[in-house]
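# What would the 3D arrangement of this be:
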Amino acid sequence: MSRTHHEPHTVIRAPGTEDRGAALILAIAFVVMIGTIGAGLAGLITSSANNRVSLQTLRNREYSADGAVQEAVAMVRGLDSDTTASCSAADGTAVSTINSIAIRVDWNAACSIIRNGDGELFVQRNVVFDACEDVGAVCVPSAVIVRAQVNFSDAPSGDVTDTFVQSWSVNR
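This is a model prediction of the structure:
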């Protein structure tokens, strides 16, 4: 009978196998990083879409107020300065619906007497226009969307010869 002598079992490792755990950790970290970036982009897209709606609403309101003031300026320009458009009676109101938004425009005279280049005195007819969303009452300063001051130069006949925009501002 022969006896076999058992030698201790030795394990031979292939080169590079000690990094198996590190590669798994790197792979997991990469997947988590890509997932985080994807979630951030999804949040950014959702936020941008929500902001677009509110910005579009504000823009439409501003465009409506701007258009309503332009209509009111044209209306006041067409008034006869000897009657309803004179400085003593230049206040008024108009309501317009533009972009499905009802806009109220109130205007007030801001007249002054000035001396022209020849030394003659004449009335400088300025009108201040305030536009706000129509709630059935005069535009309060905190609700004004567009404010404009316009100068109407009148000929001696009462007709408007020139119109000058002195200021035009979007307030909200």
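# Any regions of the protein where pLDDT drops low?
1-20, 80-90, 122, 156-158 (pLDDT under 70).
# mind listing the strands in it by residue range?
Along the chain, the stretches classed as strands by DSSP state E are 92-98, 101-109, 112-115, 121-133, 146-154, 160-170.
# With mean neighbour count and distance to S64 added, can I get these in TSV?
Just so you know, the C-beta spots here come from the backbone N, C-alpha and C atoms, and that holds for glycine as well. Listed next are the strands of the chain as TSV, based on neighbours: other Cβ atoms under 10 Å; distance: least, Cβ to Cβ, whole Å:
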stretch	mean neighbour count	distance to S64
strand 92-98	15	4
strand 101-109	20	4
strand 112-115	10	31
strand 121-133	19	8
strand 146-154	20	9
strand 160-170	12	12
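# Just send these back as TSV, with distance to S47 too.
Formatted as TSV, the strands of the chain follow (distance: least, Cβ to Cβ, whole Å):
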stretch	distance to S47
strand 92-98	29
strand 101-109	25
strand 112-115	50
strand 121-133	27
strand 146-154	29
strand 160-170	25
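# From F152, how far out is the spatially most central residue of the chain?
In the chain, the residue lying closest to the centroid (Cα atoms, centre = their mean) is R59, at 4.8 Å. R59 sits 29 Å away from F152, taking Cβ to Cβ, to the nearest Å as the criterion.
# quick one on the thing from earlier: what's the closest of the strands of the chain to L44?
strand 160-170 (27.8 Å; Cβ to Cβ).
# what's the angle from the closest one to strand 146-154?
With axes from the mean of the first three to the mean of the last three Cα atoms, to 10 degrees applied, the angle from strand 160-170 to strand 146-154 works out at 170 degrees.
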